[in-house]
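>>> Can you look at this prediction? I've put the sequence above it.
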Amino acid sequence: MDPVTALNRIAYLLEREQAPTYRVRAFRTGAAVVAALDPTELRQRLRAGTLTALPGIGPVTAAVVQQAAADQTPDYLAKLEDQAPRRLPAAAERLCRALRGDCHTHSTWSDGGSPIDEMALAARDLGHEWMVLTDHSPRLRVARGLEPDRLREQLDVVADLNPRLRPFRLLTGIECDILEDGSLDQDPELLDRLDVVVASAHSKLAMEPAAMTRRLVRAVRDPLVDVLGHCTGRLVGGRGRKPSRFDADAVFAACREAGTAVEVNCRPERLDPPRDLLRRAVDAGVLFAIDTDAHAPGQLEWQHHGCVRAAECGVPAERVINTWSAERLLEWAGARRAARR
């Protein structure tokens with residue numbers, strides 16, 4: 001393992017374990033600094049012990065570089081590799097193995113931490129066949145949501161990138177904000193060009209239940225919406241936020257009638273919907289999408305969080321759209337778009 005690979009692997013594992021952003025950034029920055037060095041200069045600095053004189057290289061990253069360059073597994077990396085995810089229950093493991101892609105991911109184009117190509121390559125290396133890129137829509141300014149012109153530009157980037165990724169496929173998409181009246185935060189004709197649209201509410205989450213119900217029902221009935229993202233908007237743990245209140249049976253019935261999938265959001269601070277609502281969604285007969293909502297490469301491994309909860313609540317694998325091939329997913333989404341025309 002060369003030093004750059006070791007540093008990037010450490011950053012990836014720290015992302016998987018939800019380490020603070022500054023720690024992840026330290027190793028990714030270190031990897032970029034070392035990658036830019038002339039090999040001769042790197043050897044000279046290794047011999048002289050002057051790596052830390054370089055901006056972006058601290059004592060910890062320097063130690064990783066020294067050990068990797070000496071054909072040793074860095075101690076820091078070995079410790080992280082030993083923190084492997086726990087073994088899953090059998091039903092969750094079967095569901096995880098059936099997944100072929102991820103419908104909800106972010107890049108540096110909005111509030112993600114890595115470029116599009118790094119996210120796609122990480123998904124491919126995990127064994128995924130496809131990944132949907134779903135950066136935020138304009139309303140979410142804090143997340144650098146994509147105005148129409150930026151989204152069009154991103155479509156060109158994805159088109160240029162895909163030939164280099166084959167047979168893996170990067171699909172176009174967006175996490176589109178559901179506005180207070182249930183309308184969508186993006187040009188409809190532009191949404192119609194995308195492969196997959198995830199629609200989520202990010203504001204006014206404490207609105208009165210009847211109004212929230214109307215808001216979500218209108219959104220999921222829109223043929224441009226393929227997936228209802230993190231439906232309650234809750235946050236658990238230190239960043240706690242109470243879930244939105246709405247008539248779940250009415251919303252899930254609308255999803256079933258419209259063919260809109262309900263997301264099982266895998267982020268550890270979301271785990272949305274809660275188990276009681278997830279069971280009601282199963283009973284309603286809806287489709288599901290088990291999505292990481294990943295904002296960094298290491299977070300793409302979080303699908304096991306959703307698989308555990310989905311298996312516990314009886315989500316059938318045949319109703320999970322992530323188990324489909326890219327071709328079947330596109331056919332399904334395309335049929336929904338055609339209903340609008």
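Everything's here; your move.

>>> how far away is residue 91 from residue 112?
Separation of residue 91 from residue 112 (Cβ to Cβ, to the nearest Å) stands at 31 Å. C-beta here means a position set from N, CA and C on the backbone, and glycine is covered the same way.

>>> between those two, who's got more neighbours?
residue 112 (24 against 16; other Cβ atoms under 10 Å).

>>> residue contacts, the more buried one?
Neighbouring residues of residue 112 by Cβ atoms under 8 Å, 6 or more residues apart in numbering: 105, 106, 119, 135, 294, 295, 296.

>>> Tell me the helices and strands packed up against the lengthiest strand in the chain.
Longest strand of the chain, by residue count under DSSP state E: strand 169-177. Secondary-structure packing of strand 169-177 (3 or more Cβ pairs under 8 Å, 6 or more residues apart in numbering; DSSP states H and E): strand 101-105, strand 130-133, helix 148-165, strand 196-200, helix 326-338.

>>> what's next to the fourth one, contact-wise?
Strand 196-200 is contacted by residues 103-104, 132, 134, 171-178, 184, 191, 219-220, 222, 224-230, 233, 263, 289, 291, 329, 333 when judged by Cβ under 8 Å, 6+ apart.

>>> I'd like the mean pLDDT over that strand, please.
Strand 196-200 shows an average pLDDT of 98 in the prediction.

>>> now it against strand 169-177, angle please.
Counting by axes from the mean of the first three to the mean of the last three Cα atoms, to 10 degrees, strand 196-200 lies at 30 degrees to strand 169-177.

>>> next one: the longest one
Note on geometry: by the same axes, to 10 degrees, helix 148-165 and strand 169-177 are set 160 degrees apart in direction.

>>> May I see the buried residues of helix 148-165?
Using 16 or more other Cβ atoms under 10 Å as the test for burial, helix 148-165 gives 151, 154, 155, 157, 158, 165.

>>> closest to residue 86 among these?
Proximity of the buried residues of helix 148-165 to residue 86 (Cβ to Cβ) peaks at residue 165, which lies at 30.9 Å.

>>> Now that closest one: closest residue in space that isn't a chain neighbour?
residue 120 (5.8 Å; Cβ to Cβ, 6 or more residues apart in numbering).

>>> Relative to the whole chain's centre, how far out is the next helix or strand after the longest strand of the chain?
Remark: after strand 169-177, the chain's next helix or strand is helix 188-191, criterion DSSP states H and E. Distance, stretch centre to chain centre, for helix 188-191: 22 Å (Cα atoms, centre = their mean, to the nearest Å).

>>> elements contacting helix 188-191?
Secondary-structure packing of helix 188-191 (3+ Cβ pairs under 8 Å, 6+ apart): helix 148-165.

>>> Recalculate using a threshold of 10 Å.
Using 3 or more Cβ pairs under 10 Å, 6 or more residues apart in numbering; DSSP states H and E, the elements in contact with helix 188-191 are helix 148-165, strand 169-177.

>>> Out of the ones you listed, which is closest to residue 213?
Among these, the nearest to residue 213 by Cβ to Cβ is strand 169-177 (17.8 Å).

>>> Dump the C-alpha coordinates for that closest one into CSV.
As requested, the backbone C-alpha atoms of strand 169-177 are provided in CSV (Å, rounded to 0.1, in the frame of the first residue of the first chain):
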residue,chain,number,x,y,z
ARG,A,169,-23.5,3.5,-14.2
LEU,A,170,-23.9,6.9,-12.5
LEU,A,171,-27.5,8.0,-12.8
THR,A,172,-28.7,11.6,-12.7
GLY,A,173,-31.0,12.9,-10.0
ILE,A,174,-31.7,15.4,-7.3
GLU,A,175,-32.9,15.6,-3.7
CYS,A,176,-35.7,18.1,-4.5
ASP,A,177,-37.1,20.2,-1.6
